[in-house]
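J.: Sequence first, predicted model second:
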Amino acid sequence: MAPALLKSTTASAAIPTVHGGGNGFHGGGSFPGGGGGGEFPRRLPAHTYRLGMWLGLIPIVMLFVAFTSAGVVRSGLSTDWAGFTLPRVLWLNTMLLLASSATLELSRRSLTAGLGRMFAGWLYTTAALGLAFVGGQLMAWRELIARGVYLATNPSSSFFYLLTAAHGVHLLGGIAALLYMLFRARVMVAEPARRTALEVTAIYRHFMDGLWIYIFLLLVRWS
C-alpha cells in the first residue's frame, strides 16, 4: 500500500494550482481587458463616447424636424395663421449663445494646454452665458404675454412657445453638464483621460447653438 500511496501523492503534487478562478468576486476571470488580480476593464476609447453623443443627437433632430414639418403644413393650410413681431431680446439671446460657443472652445483649449485656472474661468463664463440665454428667453415670453400673445392665441404663437421651450429644456441639460465639470475641474486637469467629457459636452453645446440659429431663422420667416 505504501508505493500506491506514494504514487497518488506524487500525482496530486503534479496538478497545477489555479489562481483566481473562484466565484468571480476576486478577479481572475477571462474578461476582456482584465488580467486577473481584480483589475477592472480598460476605459473605452474617446471616439466611442463621441460616436455615442452623435447617435444621441439623432432623436433631437427628428423631434425638431417633426415640429418644423407640422409648422410648415399648419401655416400653409390654415387661414388663422397670424404672424407677430418677435421680441428684440431674441437677437441679444442669439449673440449670447454664439459667445458661449466661443468661450467653450477657449475652455477646451485651455484644458488641453494644462491651464487649469483658465479652463475653469472660461467654463464658468460659458455656463453663465447659457443661463443668461435662458433668462433672456423668459424675458421674451413675458414681453409676448404683456402684448396679449399667449400659447393659444394663434398657431404661430403656439409654435413659438413650443420651439423655444423645447430648445430651452435641451439647453439646460448642457448647462447641467457644464456645472458638473466645474465641480470636477481639478480631476479633469490632473487626469487627461477624464477630458473626454468636455469634448462630448462641447459637441452637444455646439449642436444646441446651431439648432437655435435654425429655430431663430424659422421664427423670423414665420413672423
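T.: Okay, I see it.
J.: what about the nearest residue to Arg194 once chain neighbours are set aside, neighbour count?
T.: Nearest residue to Arg194, sequence neighbours excluded (Cβ to Cβ, 6 or more residues apart in numbering): Met188, at 4.6 Å. Every C-beta, even on glycine, is put in place using the N, C-alpha and C of the backbone. Other residues near Met188 come to 21 when the count uses other Cβ atoms under 10 Å.
J.: before we move on, what about the one 4 residues further on?
T.: By the criterion of other Cβ under 10 Å, Pro192 has 11 neighbours.
J.: where does the protein dip in pLDDT?
T.: For the chain, the stretches with pLDDT under 70 are 1-43, 193.
J.: Check whether the residue nearest to Arg194 really touches Gly114, as I assumed.
T.: No: at 10.9 Å, Met188 does not count as touching Gly114 under the criterion of Cβ atoms under 8 Å.
J.: could you measure Glu191 against Gly114, distance?
T.: The gap separating Glu191 from Gly114 is 12 Å, by Cβ to Cβ, to the nearest Å.
J.: picking that back up, contacts only, for the residue nearest to Arg194.
T.: Leu111, Phe119, Met181, Arg194, Arg195, Ala197, Leu198 (Cβ atoms under 8 Å, 6 or more residues apart in numbering).
J.: Mind putting those into JSON lines with distance to Ile175?
T.: Output for the contacts of Met188, formatted as JSON lines (distance: Cβ to Cβ, whole Å):
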{"residue": "Leu111", "distance to Ile175": "18"}
{"residue": "Phe119", "distance to Ile175": "17"}
{"residue": "Met181", "distance to Ile175": "11"}
{"residue": "Arg194", "distance to Ile175": "20"}
{"residue": "Arg195", "distance to Ile175": "19"}
{"residue": "Ala197", "distance to Ile175": "14"}
{"residue": "Leu198", "distance to Ile175": "14"}
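J.: Drop anything exposed from the residues you listed.
T.: Taking 16 or more other Cβ atoms under 10 Å as the criterion, what is buried in the contacts of Met188 is Leu111, Phe119, Met181, Arg195, Ala197, Leu198.
J.: out of those residues, which are inside helices?
T.: Counting by DSSP state H, the buried ones among the contacts of Met188 place Leu111, Phe119, Met181, Ala197, Leu198 in helices.
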